[in-house]
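>>> Using only what follows, build the 3D model:
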Amino acid sequence: EIVLARFLMTSEGTTNSVLCTEKVPPPVPTAIRPRFDFKLKQPIINWQFPVNPQRDIKRFQIFKRHNISEPFTLVAEYDFDDSISRASVNEKALDKNLIRMQFPKTSFIDKKFSIASTPIYAVASVDAHGMTSNLSTQIQIRYDKIKNKLISKLISREGAPKQYPNIYLEDDTFKDVISVSN
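All right, here's what the predicted structure looks like:
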């Protein structure tokens, strides 16, 4: 019997520890689309999971405000984090607004909607490291009782920081400092 064998011999080598930190926030959720549940008279906000090569999005935050003069309020946070060691998040949702789930959900039903109101909605994503995206497109909705349909209006494009949600509005965001007369 003929046997051919190869052996690879190396030295023991050294062991090093490397600290890996991520500084890239996740992308914003895309394709925000409102629709209306005519039975319950409540809006449903849908969005698409953003394209994320790292595949580490673990939460969605849903924000609402009643007009552009008000700040956004975190009305719901979908937590589908299945990590072994969970990272803390900068924005802590109230327990009543935190919804833990096994799988991601990409729709939100506003059960506190009033037919006479015209709220503005936006969504943000949070990754496994606790980093959060900027706001998605901001959509304002209004229910038209006469036509029995939901009317939506784009308020701002995606990418506005949470601290400055009005930065991409068509209106003048900052008051001019220099004024000229004559």
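
>>> ok, which stretches of the protein are helices?
Under the criterion DSSP state H, the chain contains no helices.

>>> In it, which residue is most central in space?
residue 124 (1.2 Å; C-alpha atoms, centre = their mean).

>>> thought that one was touching residue 61?
Yes: judged on C-beta atoms under 8 Å, residue 124 makes contact with residue 61 at a distance of 4.5 Å. No exception for glycine: its C-beta is placed from N, CA and C like everyone else's.

>>> Need the overlap of contacts for those two.
Common contacts of residue 124 and residue 61, defined by C-beta atoms under 8 Å, 6 or more residues apart in numbering, comprise residue 132.

>>> where's the residue nearest to the centre of the chain relative to residue 11, distance?
Per C-beta to C-beta, to the nearest Å, residue 124 is found 50 Å from residue 11.

>>> so how many other residues sit close to residue 44?
16 (other C-beta atoms under 10 Å).

>>> Let me see the confidence value for it.
With respect to pLDDT, residue 44 scores 95.

>>> Distance check, it against residue 110.
8 Å.

>>> go on, residue 35?
12 Å.

>>> Between those two, which contacts overlap?
In contact with both residue 35 and residue 110: 43-44, using C-beta under 8 Å, 6+ apart.

>>> residues contacting the residue lying closest to residue 107 once chain neighbours are set aside?
Leaving aside its chain neighbours, residue 107 sits nearest to residue 46 (4.7 Å; criterion: C-beta to C-beta, 6 or more residues apart in numbering). Contacts for residue 46 (C-beta under 8 Å, 6+ apart) come out as 31-35, 106-107.

>>> just to revisit the earlier point, tell me which of residue 35 and residue 110 has more neighbours.
More crowded of residue 35 and residue 110, by other C-beta under 10 Å: residue 110, with 20 against 13.

>>> In space, what's closest to that one - neighbours in sequence excluded?
Residue 110's closest residue in space is residue 43 (C-beta to C-beta, 6+ apart), at 5.2 Å.

>>> Can you get me a residue count around that neighbour?
A total of 23 residues lie near residue 43 under the criterion other C-beta under 10 Å.

>>> Run through the bridge partners of it.
residue 36 (DSSP bridges).

>>> what's the pLDDT at the residue nearest to residue 157 when sequence neighbours are not counted?
With sequence-adjacent residues excluded and distances taken as C-beta to C-beta, 6+ apart, residue 157 is closest to residue 168, at 5.1 Å. In this model, residue 168 is scored at 89, pLDDT.

>>> how far away is residue 135 from residue 167?
10 Å.

>>> More neighbours: which of the two?
Neighbours per residue (other C-beta under 10 Å) separate residue 135 from residue 167, with residue 135 holding more: 27 against 15.

>>> Tell me who's in contact with residue 113.
41-43, 119.

>>> Same check on residue 66?
117-120.
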